[in-house]
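Asker: Build me a model from this:
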Amino acid sequence: MKEFNLRILLAEDDPNLGSVLKDSLELEDNYVELYDDGEKAWNAFNKEDFDICILDVMMPKKDGFTLAGEIKKVDKNIPIIFLTAKSMQEDRIKGLSIGADDYMTKPFSFEELNLRIEAIMRRINDAKSPVIEQTEFEIGKYKYNSDYRTLYLDNTEQKLTTKEGELLKLLAFNKNQILDRDIALKSIWGNDNYFTGRSMDVYITKLRKYLKEDKSIEIVNIHGKGFKLLIKV
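Answerer: Reported below is the predicted structural model:
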């Protein structure tokens, strides 16, 4: 399975620009989902795991500012770059006040966009302190490498998304102990609101599916507290 550099949500209603940006970003070994209106992009964000969002401001059905505001309610830490044909200071201030990391006025070069993406991701990675230095975990019959976000069973391997990998790492580090729900939400999603809570429940379901081949493994929901990765012996 191909390993991508970044998973990018791209929302741009200009079909020519959108196609060029998608192709250019994919040449940098990124996985890119392109949508031509804000509603489609919002639906995709709720179904998939992305590392960064690049949003056009003026889009049909849901504009970029509205979309960014909704995204930030779910994941306040995900970086956002706005693309706009306007250079008005009021729009720039509005975008940054929503929580955008950068704001680019069309036309712009792909090289500049790529450099800004790299700068944002480098800043985010530098700000993360490695709470758990351990990278290799044994989970029943499985082995998990958190650096590569890869789960191994015999001769098969499963590549995890960023959030799947971070959640499994927390569970594995605390195996047979309760992983506090709020701690997991704040560590991975940046907040513990209702929407992120529902999102984590979805990822727990995915992890249960990945681990189902070993019947000694169970991810237990501890009501009112969190989850426990239980390894039966």
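
Asker: Find the residue closest to E48 in space, skipping its chain neighbours.
Answerer: The shortest distance from E48 to any non-neighbouring residue, by CB to CB, 6 or more residues apart in numbering, is to E33 (6.7 Å). In short, each C-beta sits where N, CA and C put it, glycine included.

Asker: Double-check that the one you found belongs to a strand.
Answerer: Yes - counting by DSSP: H, G, I helix; E, B strand; the rest coil, E33 is found in a strand.

Asker: Pull up the gap between the residue lying closest to T84 once chain neighbours are set aside and K159, please.
Answerer: Excluding the flanking residues, the one nearest T84 by CB to CB, 6+ apart is V57, at 4.1 Å. V57 sits 34 Å away from K159, going by CB to CB, to the nearest Å.

Asker: ok, now E48?
Answerer: Counting by CB to CB, the gap from E48 to K159 is 14 Å.

Asker: Check K94 too.
Answerer: Distance from K94 to K159, counting by CB to CB: 38 Å.

Asker: Check what pLDDT the residue nearest to T84 gets.
Answerer: Model confidence at V57, expressed as pLDDT, equals 90.

Asker: quick check: domain ranges of the protein?
Answerer: 7-127, 136-231 (automatic domain parsing).

Asker: Could you check how far the first one is from the centre of its chain?
Answerer: Going back to what we said before, that points to domain 7-127. Its chain's average C-alpha position is 13 Å from that of domain 7-127, according to CA atoms, centre = their mean, to the nearest Å.

Asker: who's in contact with the closest residue in space to R181 that isn't next to it in sequence?
Answerer: Computed as CB to CB, 6+ apart, the closest residue to R181 that is not its neighbour in sequence is G226, at 3.9 Å. Applying CB atoms under 8 Å, 6 or more residues apart in numbering to G226 gives the contacts 178-184.

Asker: quick one, what contacts K215?
Answerer: Going by CB under 8 Å, 6+ apart, the list of residues near K215 is empty.

Asker: separation between it and V32?
Answerer: K215 is 38 Å from V32, by CB to CB.

Asker: Then E166?
Answerer: Going from E166 to V32 by CB to CB gives 22 Å.

Asker: Could you do T66 as well?
Answerer: Distance from T66 to V32, by CB to CB: 22 Å.

Asker: More neighbours: which of these two?
Answerer: Higher neighbour count among T66 and V32: V32, with 20 against 17, using other CB atoms under 10 Å.

Asker: Look up how far D102 lies from L168.
Answerer: 31 Å.

Asker: Which one's more surrounded, the two?
Answerer: Each of L168 and D102 had its neighbours counted (other CB under 10 Å), and the higher figure belongs to L168 (26 against 17).

Asker: Leaving out sequence neighbours, find the closest residue to that one.
Answerer: Closest to L168 by CB to CB, 6+ apart is L207, at 5.7 Å.

Asker: what's the answer for I117, then?
Answerer: For I117, ignoring the flanking residues on the chain, the nearest one in space by CB to CB, 6+ apart is I52 at 6.5 Å.

Asker: which residues pair with the one you found across the strands?
Answerer: Counting by DSSP bridges, I52 is bridged to I8.

Asker: That one: neighbouring residues, count only.
Answerer: With other CB under 10 Å as criterion, I52 counts 20.
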